[in-house]
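# Mind folding the following:
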Amino acid sequence: RNLQSHAYCGAAGTFPKDIHSWNGPGATMAIADYNHHNEGIVGGATIHYDKHYGPLRKAKRRPPWEPTWGLTHKEFQRENFYRYTNLRCCVQEMPYFNSRVFIHKTKIDYWGMPIVGLAGERHPLDFKHCDFMSDRSEEILKEAGANRIWRVPGKKGNPAMVHQAGTCRMGDDPTTSVTNRYGQVHGIDNLYVGDASTHVTNSGFNPSLTIMALGFSFILFVLALTIYHSELSAGEVIKTQESKRGLAIIGDAWHSAAYQYTSIVKQMKNKGVETDVVYDYDVPFDGLEVYDIIVISRWGLDDLQNFK
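Next up is the predicted model:
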C-alpha cells in the first residue's frame, strides 16, 4: 500500500539562438525554492534543467503544434535542435492507500511463478501541484529569453514511474505502518527493511541520499542491539544509560577519512558509545578485548586483510 514515486511535469521552450544544452552532466541546474512552504500546495518539488537528448527522444518532446513527421518536422529539427530545452520538476507525490503492489492470482511468468502487478492512481493533489510547478517553469523560461514556451503537464496513471517508494512505510502504529522508526518489521525482531519502501513520503528530491541515511541509521540500531545484548524494545534500547566502549577502524586519508568519521564514529558517539578511532595501519591487536564493539569500515577491512 501507499506506493509512490515522483510526479514529473514542467515546461519547455525554444530560444532565438543556440543554447548548447548538452554541456555539463545530466541535470546541470536545480532550484529548491519550491520544495517547501508553497501557499495552497501540500508538499514540494525541485526544478532541474533537463539534459540534452538525442534526435529520437528530442523529437518526442517537440512543441505540441509542430508535426513529428514529414518535411516540416525535418526543417524544425535542423533549425531548432540546439535551441530548445525543457525544465523538469521532481514533484513530491501524496501517499495514496489504494496505490499498491500485488501478486497476480492468475497470471504467471515463464517459470510458472505469479507475477507482480501495480495498481492505483495518483492523488488528485498531485495534479494541482504539477500545475503549480509548470507555471513556475514557464516563468523561468520566459525570463531566460525563450521565445516560444509550452507546458509539460503531470501524467495520469500508476504512481510507479521512477524513484518507487512507500510500500513498507515506517511508523509507531503497527496498524498503519510496516516497520518501526528503525526499519524493524513490527512483531518480527530479526527482520529489517532498509530501502525506499520505508519512506512515509518521497519529498521533492531524488531519494538516494535519504535511503543512504536511513540505511546508516538502521544498521547502527542493529549494532546497538549487539552492543547491549538487550531484549528491550526498539525504543528502549537506545535510551539505556549503560556506558560502552567502542573502536572504529577507518581507512587512511586516501579513502575519505573525514567522511568515514562522520558516518561511523559520530553516530556511534551519538548512541552513547565511548569511541576510540584508529587508522587501519595502527590497530591495537593486543588490546582489542577492552572494547564492547569494533566497527571496521569497508576500506579499513580491505587493508586489514592485507596486514593481518
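# Hmm, Gln92 and Ala45 touching each other?
Yes - with contact defined as CB atoms under 8 Å, Ala45 reaches Gln92; the gap is 6.1 Å. All C-beta atoms are positioned from the backbone trio N, CA, C, and that covers glycine.
# Common neighbours of the two, please.
Residues touching both Ala45 and Gln92 (CB atoms under 8 Å, 6 or more residues apart in numbering): Asn35, His129, Gly204.
# In space, what's closest to the first one - neighbours in sequence excluded?
So that's Asn35. Leaving aside its sequence neighbours, Asn35 sits nearest to Gly44 (CB to CB, 6 or more residues apart in numbering; 3.6 Å).
# Mind checking which of Ala45 and Gln92 has more residues around it?
Higher neighbour count among Ala45 and Gln92: Ala45, with 31 against 24, using other CB atoms under 10 Å.
# pLDDT score for that one?
Note for Ala45: predicted pLDDT of 91.
# Could you pull up the contacting residues of it?
For Ala45, the contact set (CB under 8 Å, 6+ apart) comprises Tyr34, Asn35, Cys89, Cys90, Val91, Gln92, His129, Met133, Gly204.
# Next, work out how far apart the closest residue to Pro174 other than its chain neighbours and Pro153 are.
Spatial nearest neighbour of Pro174, excluding adjacent residues (CB to CB, 6+ apart): His186 at 3.9 Å. From His186 over to Pro153 the distance is 39 Å, taken as CB to CB, to the nearest Å.
# neighbour-wise, which of these two wins?
Between His186 and Pro153, His186 has the larger neighbour count (other CB under 10 Å), namely 16 against 13.
# picking up where we left off before, residues in contact with the residue nearest to Pro174?
His186 sits next to Pro174, Ser177, Val178, Thr179, Asn180 when contact means CB under 8 Å, 6+ apart.
# Which one of these sits in the busiest neighbourhood?
The most crowded member of those, judged by other CB under 10 Å, is Thr179 (23 neighbours).
# who does that one bridge with?
With DSSP bridges as the criterion, Thr179 is bridged to Met170, Val185.
# for it, what are its contacts?
Counting by CB under 8 Å, 6+ apart, Thr179 has contacts Cys168, Arg169, Met170, Gly171, Val185, His186, Tyr192, Val193, Thr198.
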